[in-house]
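[1] model this:
(chains A, B, C, D, E and F)
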Number of protein chains: 6
Amino acid sequence: MIVEEFFEDYKIGFERITFGRTITEADFIIHAGQTGDHFPHHMDAEWCATQDFGQRMAHGTLVFSVGIGLTASTINPRAMSYGYDKMRFLKPVFIGDTIKTRASIAEKTDHPKRNTHGFVREAVEVTNQNGDAVLVCDHLYFVERKTPLD
Amino acid sequence: MIVEEFFEDYKIGFERITFGRTITEADFIIHAGQTGDHFPHHMDAEWCATQDFGQRMAHGTLVFSVGIGLTASTINPRAMSYGYDKMRFLKPVFIGDTIKTRASIAEKTDHPKRNTHGFVREAVEVTNQNGDAVLVCDHLYFVERKTPLD
Amino acid sequence: MIVEEFFEDYKIGFERITFGRTITEADFIIHAGQTGDHFPHHMDAEWCATQDFGQRMAHGTLVFSVGIGLTASTINPRAMSYGYDKMRFLKPVFIGDTIKTRASIAEKTDHPKRNTHGFVREAVEVTNQNGDAVLVCDHLYFVERKTPLD
Amino acid sequence: MIVEEFFEDYKIGFERITFGRTITEADFIIHAGQTGDHFPHHMDAEWCATQDFGQRMAHGTLVFSVGIGLTASTINPRAMSYGYDKMRFLKPVFIGDTIKTRASIAEKTDHPKRNTHGFVREAVEVTNQNGDAVLVCDHLYFVERKTPLD
Amino acid sequence: MIVEEFFEDYKIGFERITFGRTITEADFIIHAGQTGDHFPHHMDAEWCATQDFGQRMAHGTLVFSVGIGLTASTINPRAMSYGYDKMRFLKPVFIGDTIKTRASIAEKTDHPKRNTHGFVREAVEVTNQNGDAVLVCDHLYFVERKTPLD
Amino acid sequence: MIVEEFFEDYKIGFERITFGRTITEADFIIHAGQTGDHFPHHMDAEWCATQDFGQRMAHGTLVFSVGIGLTASTINPRAMSYGYDKMRFLKPVFIGDTIKTRASIAEKTDHPKRNTHGFVREAVEVTNQNGDAVLVCDHLYFVERKTPLD
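    Now for the predicted structure:
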């Protein structure tokens, strides 16, 4: 779905919550395959059983990719993903955990040089089935203004 | 390979460069599949041909995941991935582009509360076959000290 | 997104058109892999070059699965997919073709025995980048009524 | 294997039964990935646990694709898959269920306009490990006659 | 299909030729993913362009796995795959090459200790679209005798 | 990592042991998909439950591919994989088993015709979590000499 939103349309505090997504053993295999990260933390159940966490843990990049992917529900032709800040891994995600993502508009700032665009910062929190945050980050969007600043 | 390195062992300026990895159309399909982000920017060649960039572009999370995955070559049992800062998408990655990652130790800081650990910041730059940076970020590690601070 | 719609809410003629999806060689490989159908029509470019169609053709089940998957944009908790009728393959889909799906509400019928539900028939047409229909079918939904029939 | 069969060679009542295929969690992930249908019915174990069916259910298109794929054992150069009729989902397929397909020649009809070909209708029934039918449909083939009709 | 064959039923010189299978870029990605072998020979088109072979080459294990997989057409409940001998990589397989496999019964030998079984050696040759052999090996089967040796 | 080693540098008895890799149900599905081998031994849990081994067994080519892939840790530009000898399947690998590979330099032989190269034979043993060998083979490398033989 396409929903056109200009910089002026973003409301601080607007929040959306995604569907849930169970992270499966297959996801571990596919993500290790794609990234080439076959570290035993993700791939060796025997070794993991001897470690503190006791079982295979999802790649940070997997949790991030799926957590962000869940938010990709509508396209805004006036906005562009600009980057991410302050990504932190708060808890491990294990096989069978179900994550969902809460994203809320946290801040709007003028572009330092261009009066036609601004930055929107969306606070992203990925939680597991217990409600614990497993990953947080700030998603930055570069967004067109309906009316350029003077 | 396991290479044990304590906080004291990290040298500012130490740099490593990974092998290259060609990003294929199959990677787009697999990553869209895993994340659920089937936006036409990544999946619809016809629509992309009508846009400024002219062709399908890789998901930001794909470039990040593969770019970071390339650096996963040795395991340091004394370090833990803590998070990422200042991730920026500088150029699009297209089908057939080959990326590689340069990572250099940029900063070491004490932990504010724990004298047994410190933070290491690794500056990460993912470049394409033309040498252009496509993604940069800071990778933060939480690393054990050999000798606790007084 | 969840959009609750009762039988009474469906309007004959309501139409939706999906995003496009380029069918890639990777899709052929993944679908052959999942279904076990490795027939040379889909997997052997050399043999296909000697046939009338001249190149590898997508599995019918691939075109159907992706074509229908494209329509899975909103969840209606009052409706259930009941089945499909009159699925016809009108043209082959080749590697690199981009398909999209048009779905329009075509008919509403009472359930023969249950006054609490009815059937909605959605006419589905999957087209390629030239606007040619490649697959058509009727999608049947079993939908709850807001108010039971007398 | 190639087995040439003309319209005249098809015998009403001829039946074949395929090998079994266990539908795995990995199949759910791969099929959701390919089709873009990440609905919680298939992907969110936590939410499913709160629903009547209690667990994740296979996509209809997955059951259909694998069920039909199982029948792709021999190639008949005189026949072409023409379409499907009366596809009905009779029971959900859950992770770990094993399906197999029974296909029997049910009807042969003349082509309304072409005396060189006819239609063969194969009744397809996909069953689970309990012998319950989970999906039925009619598979239509467009088949060359050895001898054209007068 | 199940075809029961005892040791006595195997005929020296019996030969079968499989369908063809085009090896795609997606196969490289999937195989690298599964095996964890992301060497630049298979994954980095830029680097390969600077090497003698000029382009990405298939993993040996990929050619072997697909080449042998092509022969998996009938199940013989009296035989068991015992191992492989003299596997040699004769030519590289590139993206877009189409391979097929010729397998011929080359030798039958008594089991040194068990009079109820024997070994069958099948000579396997995987060729590309030019008819060049790319991989050869011997496939050994451990096969039950209909009648034990005296 | 690139480690240049000439024929003269290989030491008989040098041994390396890889990380472990848990073989998952997803691996079965992906490997069956890639190779086209959907035999019930790997894919039908119900049928397998009626057989001696009681459960689905990994494809031999899967165990081999992953077992060898685990050893692909460093690139030696002076060596080329030449082939494999005496591959034997000693025990089945089941879903959830964790394999690792031990590889030791077993033999060095002159090339019969070229004084610039020699053959190195590496004895490969893939073991499961119980320490049982599940597959053995000899990996042959064709390696350049630092100094040609007289």
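
[2] ok, A:Gln34 touching B:Ala26?
    No. A:Gln34 is beyond contact range of B:Ala26, at 9.4 Å (criterion: CB atoms under 8 Å). No exception for glycine: its C-beta is placed from N, CA and C like everyone else's.

[3] for chain A, what lies in contact range of chain E?
    Within chain A, the positions adjacent to chain E are A:Ile29, A:Ile30, A:Ala32, A:Gly33, A:Gln34, A:Gly36, A:His38 by CB under 8 Å from any CB of the partner chain.

[4] surely the first one meets F:Glu25?
    In other words, A:Ile29. No. Counting by CB under 8 Å, A:Ile29 stays clear of F:Glu25, with 9.3 Å between them.

[5] the more surrounded of these two?
    Neighbours were counted for A:Ile29 and for F:Glu25 using other CB atoms under 10 Å in any protein chain shown; A:Ile29 has more, 26 against 22.

[6] mind checking how far that one is from chain D?
    8 Å (CB to the nearest CB, to the nearest Å).

[7] which non-adjacent residue is nearest that residue?
    Of all residues not flanking A:Ile29 in the chain, F:Ala26 sits nearest, at 4.4 Å (CB to CB, 6 or more residues apart in numbering or on different chains).

[8] now swap in A:Asp97 and tell me
    A:Asp97's closest residue in space is A:Asn128 (CB to CB, 6+ apart), at 4.9 Å.

[9] next one: A:Phe94
    Leaving aside its sequence neighbours, A:Phe94 sits nearest to A:Gln55 (CB to CB, 6+ apart; 5.5 Å).

[10] helix, strand or coil for the one you found?
    Secondary structure, DSSP: H, G, I helix; E, B strand; the rest coil: A:Gln55 is coil.

[11] isn't it right up against A:Trp47?
    No. Counting by CB under 8 Å, A:Gln55 sits too far from A:Trp47 to count as a contact (10.5 Å).

[12] okay, those two: which has more neighbours?
    Neighbours per residue (other CB under 10 Å) separate A:Gln55 from A:Trp47, with A:Trp47 holding more: 19 against 13.

[13] and the helix or strand where that one lies, what does it pack onto?
    Here A:Trp47, judged by DSSP states H and E, is contained in helix A:45-48. Here helix A:45-48 touches helix A:40-43, strand F:98-110, going by 3 or more CB pairs under 8 Å, 6 or more residues apart in numbering or on different chains; DSSP states H and E.

[14] which of these is buried the deepest?
    The highest average neighbour count among the helices and strands packed on helix A:45-48, using mean count of other CB atoms under 10 Å in any protein chain shown, belongs to helix A:40-43 at a mean of 22.

[15] do it and chain D meet at all?
    No. Using CB under 8 Å from any CB, helix A:40-43 stays clear of chain D, with a minimum separation of 15.1 Å.

[16] helices and strands around that helix, which ones?
    helix A:25-35, helix A:45-48.

[17] just the buried residues of the last one, please?
    Put plainly, it is helix A:45-48. Using 16 or more other CB atoms under 10 Å in any protein chain shown as the test for burial, helix A:45-48 gives A:Ala45, A:Glu46, A:Trp47, A:Cys48.

[18] which non-adjacent residue is nearest the most far-flung residue of chain A relative to its centre?
    Distance from the centre of chain A peaks at A:Asp150, with 33.9 Å (CA atoms, centre = their mean). In space, and not counting its chain neighbours, A:Asp150 is closest to A:Asn115: 7.4 Å by CB to CB, 6+ apart.

[19] tell me, what's touching A:Gln34 and B:Ala26 both at once?
    Counting by CB atoms under 8 Å, 6 or more residues apart in numbering or on different chains, the contacts common to A:Gln34 and B:Ala26 are E:Ile29.

[20] these two - which one has more neighbours?
    When neighbours are counted by other CB under 10 Å, A:Gln34 comes out ahead of the other of A:Gln34 and B:Ala26, with 27 against 24.

[21] so what would you say the end-to-end distance of stretch A:123-143 is?
    16 Å (CA to CA, to the nearest Å).

[22] and the average pLDDT for that stretch is what?
    For stretch A:123-143, the mean per-residue pLDDT is 98.

[23] helix or strand: which one has the residue farthest from the centre of chain A?
    A:Asp150 is part of no helix or strand, with elements assigned from DSSP H and E.

[24] look up how far chain B lies from whichever residue of chain A sits closest to chain E.
    Of all residues in chain A, A:Gly33 sits closest to chain E, at 2.2 Å by CB to the nearest CB. According to CB to the nearest CB, A:Gly33 stands 8 Å off from chain B.

[25] residue contacts, the nearest residue to that residue once chain neighbours are set aside?
    In space, A:Gly33 comes closest to E:Gly33 once its chain neighbours are excluded; the distance is 2.2 Å by CB to CB, 6+ apart. E:Gly33 makes contacts with A:Ile29, A:Ile30, A:Ala32, A:Gly33, A:Gln34, F:Ile30, as judged by CB under 8 Å, 6+ apart.
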